[in-house]
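[1] Sequence plus predicted model, see below.
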Amino acid sequence: MQRDNRSGFALSGFDPVAYFLNDAAVPGLPEYELISDGTVWRFASAANRDAFREAPEVYTPRFGGFDASGVAEGRVVDADPRRFAVIGSRLYFFRSDENRQRFLTEATLRAKAQERWPAVTVSIAR
């Protein structure tokens, strides 16, 4: 999972559940932190934290939170947690508005990203 280099938080401290409920990047709060699989997540409310705890596979972003367009190209590219899309029931992040728009309009990129993700994960520093 992509972590903010300064804070160490997943999604730079934004609430992963809020992307689905609010269709917005909502900052999480220190009082609603959760550590899951060694990653620190923040949430805007106790209800959001509890929803994530019950079903992390639903709210965890695809491709480790990295730029989905970059993954489709076979590269690891950091994403901006304010540039996102919920497609179907999955959360995707992007580095730029251009990458986001391209991913939304070129349906083949989703299949390419899914296919290339296993190879891309090898190049992610642990």
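    On my side now, so go ahead.
[2] Return the distance of residue 34 relative to residue 108.
    35 Å (C-beta to C-beta, to the nearest Å). Heads up, the C-betas are built off the backbone N, CA and C, glycines and all.
[3] And residue 7, by the same measure?
    35 Å.
[4] How about residue 115?
    10 Å.
[5] which of those two has more neighbours?
    residue 115 (12 against 8; other C-beta atoms under 10 Å).
[6] Now do the SS call for that one.
    helix (DSSP: H, G, I helix; E, B strand; the rest coil).
[7] can you pull out the strands in the protein?
    Secondary structure of the chain (DSSP state E): strands located at 29-36, 39-43, 80-87, 90-94.
[8] Which positions in the second one come out as buried?
    By 16 or more other C-beta atoms under 10 Å, the buried positions in strand 39-43 come out as 39-43.
[9] again with the third one
    Buried positions in strand 80-87, judged by neighbour count with 16+ other C-beta under 10 Å: 80-81, 83-85.
[10] helices and strands around that strand, which ones?
    helix 18-21, strand 90-94, helix 97-105 (3 or more C-beta pairs under 8 Å, 6 or more residues apart in numbering; DSSP states H and E).
[11] Between those, which one is closest to residue 66.
    Of all the helices and strands packed on strand 80-87, strand 90-94 sits nearest to residue 66, with 7.0 Å by C-beta to C-beta.
[12] In a markdown table, list the buried residues of strand 80-87 along with distance to residue 54 and pLDDT.
    Formatted as a markdown table, the buried residues of strand 80-87 follow (distance: C-beta to C-beta, whole Å; pLDDT from 0 to 100):
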| residue | distance to residue 54 | pLDDT |
| --- | --- | --- |
| 80 | 28 | 94 |
| 81 | 22 | 94 |
| 83 | 27 | 96 |
| 84 | 22 | 97 |
| 85 | 24 | 97 |
